[in-house]
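A.B. asks: Quick one, fold the following:
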Amino acid sequence: MYGAPITELSINNYRYLSFAKSTRLNAPVKLSTLPPTAAAAQQHLYRVYYQVQTWLGNELDPEQWGWIINNNFLEPVMTLLPPAPDVLLNTIFCNCTKGCGSNCGCRKVGLPCSVVCGHCRGQACLNVTPGDNSADTFCNSTEETEHDEMITDYLTPNVSEKNTNTDSEAEEETPEIEHDDEQES
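C.D. replies: Numbering: from 1, shown residues only. You can find the predicted model right below:
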């Protein structure tokens, strides 16, 4: 659904991956190209169910099925969630391609790189936290800041919904077949 691979079980995870992919381009992100959040999809499904039941002659309360009455008109409820946490709406992130040096958008505004940055994804880079002169530190050190934890919690879906087997784990589970290489003379 929405162009997601068949192995993707979480619409929120697919939305996050689609967003991350679109931020790598040097163009504005068109939110209309992203799949809906799980909360928005749920409201849409409520409205679809209500419409089908109406066609079948079953009367339901529209306000219980994804609609709200505003000025005597039914309007769709798009989602019950806010668009994003305030901390995320106020976050600036870069889309550096050659490292996080002096041209880094995050560095220019005095912010450490975060998980949504284009080049480093909040990992090892040149944009270290202020006051840290070591060259081999991580952007956010090994402990995430409260700010990055809030962003990560918002952007990262529940990983327990997804099958997390990797190729190496799959190989370990596959029994090896022994071949008899000896030939009879």
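A.B. asks: Show residues contacting the lengthiest helix in the chain.
C.D. replies: Using DSSP state H, we find that the single longest helix of the chain is helix 38-55. For helix 38-55, contacts defined as C-beta atoms under 8 Å, 6 or more residues apart in numbering pick out 10-12, 35-36, 60, 62, 65-67, 76-81. Yep, even glycine has a C-beta here, placed from its N, CA and C like the rest.
A.B. asks: if we go to 7 Å?
C.D. replies: 11-12, 36, 60, 62, 65-67, 76-81 (C-beta atoms under 7 Å, 6 or more residues apart in numbering).
A.B. asks: right, and the pair among the residues you listed with maximum separation?
C.D. replies: With C-beta to C-beta as the measure, no two of these lie farther apart than Asn12 and Leu60, at 27.5 Å.
A.B. asks: With neighbour numbers in mind, choose between these two.
C.D. replies: Asn12 (19 against 13; other C-beta atoms under 10 Å).
A.B. asks: Give me the distance between that one and Tyr46.
C.D. replies: 18 Å (C-beta to C-beta, to the nearest Å).
A.B. asks: Gly101 now?
C.D. replies: On the measure of C-beta to C-beta, Gly101 and Tyr46 end up 49 Å apart.
A.B. asks: do the same with Gly105
C.D. replies: 40 Å.
A.B. asks: same question, Pro82
C.D. replies: Distance from Pro82 to Tyr46, by C-beta to C-beta: 19 Å.
A.B. asks: Which one of the two is surrounded by more residues?
C.D. replies: It is Tyr46, of Pro82 and Tyr46, that has more neighbours when counted by other C-beta under 10 Å, with 18 against 8.
A.B. asks: Show me the strands in this structure, by range?
C.D. replies: 67-70, 73-76 (DSSP state E).
A.B. asks: most tightly surrounded among those?
C.D. replies: strand 67-70 (a mean of 12; mean count of other C-beta atoms under 10 Å).
A.B. asks: Can you list the helices and strands that that one packs against?
C.D. replies: With contacts defined as 3 or more C-beta pairs under 7 Å, 6 or more residues apart in numbering; DSSP states H and E, strand 67-70 has these neighbours: strand 73-76.
A.B. asks: Outside of the strand it packs on itself, list whatever touches it.
C.D. replies: Residues outside strand 73-76 that contact it (C-beta under 7 Å, 6+ apart) are Arg47, Pro62, Gly66, Trp67, Ile68.
A.B. asks: one more time with 10 Å, if that's ok
C.D. replies: The contact list for strand 73-76 (C-beta atoms under 10 Å, 6 or more residues apart in numbering) reads Gln43, His44, Tyr46, Arg47, Tyr50, Pro62, Glu63, Gly66, Trp67, Ile68, Ile69.
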